[in-house]
Each structure stands twice: as C-alpha cells, then as structure tokens.
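>>> My questions concern the predicted model and sequence given below.
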Protein chains: 2
Amino acid sequence: MPDLRDAGPGGLNLLSASEARAQLDRGEITSEQLVRDCLARIAAREPDLDAWVYLDSDLALAQARARDSEPSRGLLHGIPVGIKDIYDTADMPTAYGTTIHEGHRPDADSNWVAALRDAGAVILGKTRTTEFANPVPTTTRNPHDLERAPGASSSGSVAAVADYMVPLATGSQTGGSVILPAAHCGLYGYKSSFDGLPTGGVRHAKPSIDTPGLFARSLEDVALMRAASNGQTPATLELTSDTGLRVGVCRTEMWPEALPETVAMLAEAADILAAAGAAVSDTEPPAVVSQALAEFSAILAPEDARAIAAEARDHFDQINAWSQKSIHEAKDITPAQYENAKAVAARARTAIDGMFDEYDVLITPSTRGEAPTDRLSMEPSYFNRIWTLMYLPCLSLPTFTGPSGMPLGLQIIGRRDSDDHLLATGRWIEQRIAQSHGT
Amino acid sequence: MPDLRDAGPGGLNLLSASEARAQLDRGEITSEQLVRDCLARIAAREPDLDAWVYLDSDLALAQARARDSEPSRGLLHGIPVGIKDIYDTADMPTAYGTTIHEGHRPDADSNWVAALRDAGAVILGKTRTTEFANPVPTTTRNPHDLERAPGASSSGSVAAVADYMVPLATGSQTGGSVILPAAHCGLYGYKSSFDGLPTGGVRHAKPSIDTPGLFARSLEDVALMRAASNGQTPATLELTSDTGLRVGVCRTEMWPEALPETVAMLAEAADILAAAGAAVSDTEPPAVVSQALAEFSAILAPEDARAIAAEARDHFDQINAWSQKSIHEAKDITPAQYENAKAVAARARTAIDGMFDEYDVLITPSTRGEAPTDRLSMEPSYFNRIWTLMYLPCLSLPTFTGPSGMPLGLQIIGRRDSDDHLLATGRWIEQRIAQSHGT
C-alpha cells in the first residue's frame, strides 16, 4: 500500500480534523491556509481519482475566510468537509448521482449539512455517489490502487478522505455503503444507529433502512464529526472500565464468502483481544435475524420505488438498470408482504438487541476481503446489510492489511443507540491491536 | 354543529375524493370543474377561517387542466389535495410556519408531495401550520365554531378539509397534531405507523418522533390517499373475519384529564362494540410505556434543537417562545440522557407491541373533550403523544358529539405496521356505532 502522504503536496491537508482544530485554536494556521492545501491536493490527484462532482475553489475559500473572520461557531470551525451528493446543499448543486437531476440546485441545506455549517464547517464540495445511492459503481477509483474500486455508494467521499483531499466526509448506508468503502480504502468508517445522525431533508431515501455515516482518518475525528453533527460535545473515547470487555466474534451466515485474508484477520483479532484480557467467544445472531435478512428486498424494493416514483414516471429510461429492476420487483410485493417484512425486521431488532446483554460489542469482517481489482462490478455488502437492517451502530477500523498490501477493515458492532460507547470500545480494541502489531 | 354543506356553494367541493374519483372516471365531471368549486368555497370562507398560506388559483387550474388532458396517472388523478406547509413543493413556497423562511421556494417536492403528484393529484395549495409544526397556536379557526381552535399543528389542513374546501390534506404529528385537530373538527384523522407514509425530504423534523398523517371526510378517502401515497392499491376496508374482534379499552394514565363527554363517549363505544359481539375489556399499557412517556421531552428537545439549529443561530429572536425554550432545555440534556430516553422508548415499543397479541385494536379518546373556546392557548396532546412515541398507527373516527354539539373523536390504535388492518377495523367499528345511533 503506497504512502499517500508522500504522493501529495505534504501541506496542511495531511492533518486530521482534530489536529487542524488544535492548530486553528492556537492561531497557528488559518482555515484559508488549510482549505488551500486541500484544494492543491485535489488539483493534483482528482484527474486520477474522480472523487468530486462539484468543487468551486472560490466558494470554498470564501467560506474559509468568513470562518477566519468570526468567532468560533463550534467544533468544526474552519474545517473542510466533503458532502456526499445525496445531501442537499443550499449553495452547491445536488444531483443524487443521476443525470435526471444534473445541475439541480437546492435552495436549502439538508439538516446534516445545516448542522455542519452550524458547527463552523467549510462545506468544501460534493463527492461522487452512485445513482440515488443505489448499488451501481461509479468512475471513482481507489486511491491506494487506481485499478481497484473504492467501494460504493459513498465512493467519492471515501476516496477524497483516504487521499488526504479533505479530512472528513459524509456518507450513507443502505447495504454497506459506508463500512465497505471505508474498509476498502483504509479509513475509519462509522455508520450510526438508525437515527444517530441527522437525516432531515434527504429525499430519494429508503426511509426505514438508509442510515447516515461518515469517513475519517482517525477515531478522534469520527467522534468530533459525530458530536458536531448532533450539537454535542465529543465522546471521550475512554471506557469507564476496560476490564472484562465481552467480545462476541460474530461470523454470520455469510462466513463462507469470507476470503482467506478475512479468515486470518478475524482469528488474529480474536486472539489479540483475548490476550489483552477481553472475554472473547463465538456467537451467532438469533434465527429471526436470518429471516429478516431474507426479507431485505421486500422492504428495499417498495421503498426505493416510492422514493424515485416521480423520476421513474418521467425519466424511466434515464434510470439505471438496478433501479429499473427494483421498480419492477416492487410491483410484485404486496402491501401485506411489505408490512410483514417490516414486522419480521422489528422482531429481529428486538432479538438482536438481546445479544448486548451478553456482549459489549461484536466483531465481524467489514468486507469479504481486499478491494477487488474489478472496477465495474459491484462488491456485495455481505457483512454489512444485516447490521444496517438491525439499526446497530457499526465502526470499521483500518487496522489490518491483506495479501496485496491493500487495507482490510475490522468491523465492530455496538448496542443500538449506544454509539459513543461503541467509539470508546473501538479505541480500546484499536490500541490492543496496535500494541500487538508493535505500531 | 352547523351543517357546513349548507354554508357553501354546494358544488362539487362537497364530494369526497372517492366520489369525485368515480365521477371523474365516468367522465361526468372534469378536474377543472372540481377544482373551480373548491376554489369558490375557499373564496367564500377563507376570510373567516384563515386556513391557507399559499393559494394560486391559476396554478391550481393549470394542474387540473393538465390532468384532464392526459391518461390517468393513478388513484388521485385530478383530485385536489391540500399540503401542510412543512412539506416542500417545487411550484409553491414553503415556509414551515416561520417568518424566517417567508417566501422560501423549494425547487423540489418532498417525497410525499412527489408521490401524490405521481398519483395524479392536483396540489391545490399550502395550508397553515404552526412554526416548525411546534405547539404554538395559529390564526386558523375551527369551521364548526369560529370562536374555537381547530387544533394544532396541522390547523390549516384540518380546517380546509372540514370546511369542504378540499377533500384531502396532509398533516404530521409529533404529539397529537393529526388526531387532535381531526377530532376537534369532526374529520377522519389517520396518523400512520412511524414510516407508513413517505417522510423523505422533510426538514426541521424531530426525526425519531415526527410521523405523517392525513385528513379526510370518509374512511374510503383515508384508504385511497394512503394507497396513493405509497403507490399501492387501496385496502378493502373489510375484515377477513369480524367474529370475536378483541377490543382493549385503554384509558391510559391521562384518564383523569378526560372531560365528562369523553368519559361518556368511551363507555358508550365500549357498550356498542360489546353488544355487537366484540370481546371488550379494559387494559393498560405496560409500565415501561409510562417511563418512556416521562422521557418524551429528553428526545423531543434535542431533536428539535438540532433540526432548527441553523435558524436558532441566525434568527433566534424570530423563533417562538416554545422553540426558544426547547433549545435551552436541550442544552441540559446530555447525549447519554438522550440515548437512554431512546432506549427506554425502544423497550416500551417492544412491550406495547405485545398488547396486540391480546387485542386486535385499542380504543381511547382522541382528545380531552370538545375543542376549547380558548383560541390562544395550546390544547395538550394528552391522549396522543404516547401512541406517536410508540410508533403505532392511529385513527380518529368522528362518530360522537359533545355537549355543545361539537365533534368528539374516538381514537382507534392498531398494531405497528398493520395500518390496512386498522382501517378495516375502523370501518367495522364505525358501522356498529352508526347502527347503534340509528344513522
């Protein structure tokens, strides 16, 4: 895996958001300087990566200068953030990844963008997403290997953060669109509990599945952006007690899909945590969860069809084949089938919540293995969609590498609506792995 | 209660949506004729009621003529619908009830509006809501008694439908903003299961509480609009079996607030249903539900503060006192308290779901009693917020009247995500009550 730091201009764009925050607070740098270095990095690498769908340097710099000239608004004051192009922005186009809405200019921010601005963030630009965030690959490349996919649908966000173009970016996950690309690009990926980050103002969503998530290059930055997004103070990333952490190794029924590097990673992680004093044991989700997973598309297809009903009516030929198929499938799902699927999912959520009486967190793979070299097919979200449907908060730690030197993600799953605790546990686990790796 | 039919021009505006649908299908009327009669009714009564914040007759008629000149798009083809001014419309301003956004013109429809257009609806105009749909009364009056409030926050929608200005309108409920005004104005009010109607594209929402709902003058119309909103076919409103319907009479801990007319109504309803063969018995929610209700504001305040963070930062003085207070309260609620409140609510939802193993539906009051004559204070949502927080579908039937001849609502609560079944049960109950009343 190449050191991407060496590939760039080596300026302030290498700072994490937390590091930049500290330097801004001490008056050592300005937001304008920080943004300029990010823009320089983008200018150098964007021709290779194709991570951005909208970027206006003047607008970005104007925001930075405005932040520099006023008192701090909050946690992200002066920090540039990339926005996945499904989140409306008042001052930039939003096209939801489709030619149907090319050039569409919302006149209001979605709630998450509004919250980020409220915390002082510089909205740097819009990152490339798949059409309506549905699973059809984009032209964005993996910064660690341009012949590999970065993972979808938050492709542009993940590539931009991994490549030091911007320290933070927003994403969203229906199947695995945050955790999977984070793992493929060596980032920290965090998908919140179902409503653990602001969802207001997002159109074209599968409303009972889609969940916001974010990308960062450090766990402090994950906690920082999460807190800024919710108007809170950042979690401490310290466990109140680190004795006897109960870790469930949860391979799930998708385990036969795991590639050898993933099999090795999970075994190593379990060994490291057990050696560090955690109570580690194998576990499986309750049976009803498999049933819910089997019904996933009976929820997904009707909600997708409803979300893009207007586009399907007026521009069906412009919609990609996946969405066209989804719309056709939706026609065969009766309201009773849809409601039954949702009822099964609700029962499964209650059942899986019970696992967290026995375990503090679960560990599982983020992906099948390294990012595939095939850039045109869609990497399946085998190890992700179950947790999305179960509304559980997920964190991918970039603490392992595969046989080609590409990143591998270790996914940690927390109790629903206990996201801060998940992040603190993630820090404890990451430290134990780092110690074992001697890094 | 005056017969509002006699007060109006007596034209096509008196038709329910289902009746209009049939006449349109048979070619007996045009959408333009229907819309013209609605506009005439509005012209006559709007000075008294103040139900609309935006109405452009030319735009409404242009939509109607367009529908008349094309094949049917769907269930609401050519039917006028009023839109609560929290739902974005691409061709009309949307101000969310606040002067901050006065004249704001979204350039895209919220998903529900898009779905209604997709079903052929004529988006007639925007109805008056409270500021950010928060509980501070509006200037809208109750059509049955201009000295009484219609109920908030969906004030304009409920007044417009009750007054035969439009057959259908959208609403939304955080506490009781659909069921309460429906009951106060003698309408069918339906609040869906948490995500039983399209929520995409709604900003300024309390995302884990706010739920869409709608108003109509018949139960067929409720089923019609629900189906049109979700791209489905309407529920049949027939129970597969009407023998042994199990009805729980659920007075809730708020029962001491019930006014005498409500006490009498619930007793009468229970007697009628028992006489009709239903198994009727008293029941109470599980104890954890009270605990969840006590935590309601620990969820509401932080979500409200986040939803209007940008407005609070830039226009705090323009925000009403309730929202200002909510923003202050939110500062004292820690992330841990918020997450705990959500966890309690989730446990309570699971517990209350269990009631529907014993009962097919619950009956309970829609309000304390008749609409109060005080138009300036806020009628509390005592008998509503519990069900909103529990995500259960609710239906208010306008089948009773109070001592002043004002309408009273009987609220029926169904199993989560079984909204079609609730509507069919509502029909069975309404018929039994009508038979008993000899109407």
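Alright, I've got the coordinates. Numbering: from 1, shown residues only, chains lettered A, B, ... in the order given.
>>> which parts of the stretch 51-200 of chain A sit against chain B?
Within reach of chain B by C-beta under 8 Å from any C-beta of the partner chain, the stretch 51-200 of chain A has these residues: A:73, A:104-111, A:114-115, A:117-118, A:195, A:198-200. Backbone N, C-alpha and C define where each C-beta goes, glycine included.
>>> Just the buried subset of those residues, please.
For those, a burial check counting by 16 or more other C-beta atoms under 10 Å in any protein chain shown picks out A:73, A:106, A:108-111, A:114-115, A:117-118, A:195, A:198-200.
>>> from these, which single one is nearest A:T127?
A:S110 (14.2 Å; C-beta to C-beta).
>>> need the contact list for that closest one.
Listed by C-beta atoms under 8 Å, 6 or more residues apart in numbering or on different chains, the contact partners of A:S110 are A:87-89, A:198, A:200-202, B:203.
>>> let's see 10 Å
Residues in contact with A:S110 (C-beta atoms under 10 Å, 6 or more residues apart in numbering or on different chains) are A:83, A:86-90, A:94, A:116, A:170, A:198-203, A:212, B:201, B:203.
>>> Can you tell me the centre-most residue of chain A?
A:V178 (2.7 Å; C-alpha atoms, centre = their mean).
>>> I'd assumed A:N384 was in contact with it.
Yes. Under the criterion of C-beta atoms under 10 Å, A:V178 makes contact with A:N384 at 8.2 Å.
>>> Now do the shared contacts for these two.
A:189, A:191, A:366, A:394, A:396.
>>> Quickly find the element holding the first one.
By that I understand A:G189. Using DSSP states H and E, A:G189 falls within strand A:188-191.
>>> Tell me the strands beside the helix or strand following that strand, with direction?
Remark: after strand A:188-191, the chain's next helix or strand is strand A:211-216, criterion DSSP H and E. Applying DSSP bridges to the sheet, strand A:211-216 is found paired with strand A:168-173 (antiparallel), strand A:188-191 (antiparallel).
>>> Please identify the most buried of these.
Of the strands paired with strand A:211-216, the one with the most neighbours on average (mean count of other C-beta atoms under 10 Å in any protein chain shown) is strand A:188-191, at a mean of 31.
>>> Contact partners for A:A351?
Contacts of A:A351 by C-beta under 10 Å, 6+ apart are A:285-289, A:291-292, A:390, B:350.
>>> please redo it, this time with the cut-off set to 6 Å
A:286, A:288 (C-beta atoms under 6 Å, 6 or more residues apart in numbering or on different chains).
>>> Please tell me how far it sits from A:H421.
20 Å (C-beta to C-beta, to the nearest Å).
>>> What segments of chain A are strands?
For chain A, strands defined by DSSP state E occupy the ranges A:52-55, A:80-84, A:122-127, A:168-173, A:188-191, A:211-216, A:246-250, A:279-283, A:361-365, A:394-401, A:407-413.
>>> Return the list of helices and strands in contact with the longest one.
By that I understand strand A:394-401. Counting contacts by 3 or more C-beta pairs under 6 Å, 6 or more residues apart in numbering or on different chains; DSSP states H and E, strand A:394-401 is packed against helix A:179-185, strand A:188-191, strand A:407-413, helix A:419-437.
>>> Just put these in CSV and tack on mean pLDDT and distance to A:A7.
Formatted as CSV, those follow (pLDDT from 0 to 100; distance: least, C-beta to C-beta, whole Å):
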stretch, mean pLDDT, distance to A:A7
helix A:179-185, 98, 14
strand A:188-191, 98, 20
strand A:407-413, 98, 16
helix A:419-437, 95, 24
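>>> among those, which is the most enclosed?
For the helices and strands packed on strand A:394-401, the largest average neighbour count (mean count of other C-beta under 10 Å) is found in helix A:179-185, namely a mean of 34.
>>> hmm, back to that, can you redo the helices and strands packed on strand A:394-401 as a markdown table with distance to A:P380?
Listed next are the helices and strands packed on strand A:394-401 as a markdown table, based on distance: least, C-beta to C-beta, whole Å:
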| stretch | distance to A:P380 |
| --- | --- |
| helix A:179-185 | 9 |
| strand A:188-191 | 17 |
| strand A:407-413 | 15 |
| helix A:419-437 | 24 |
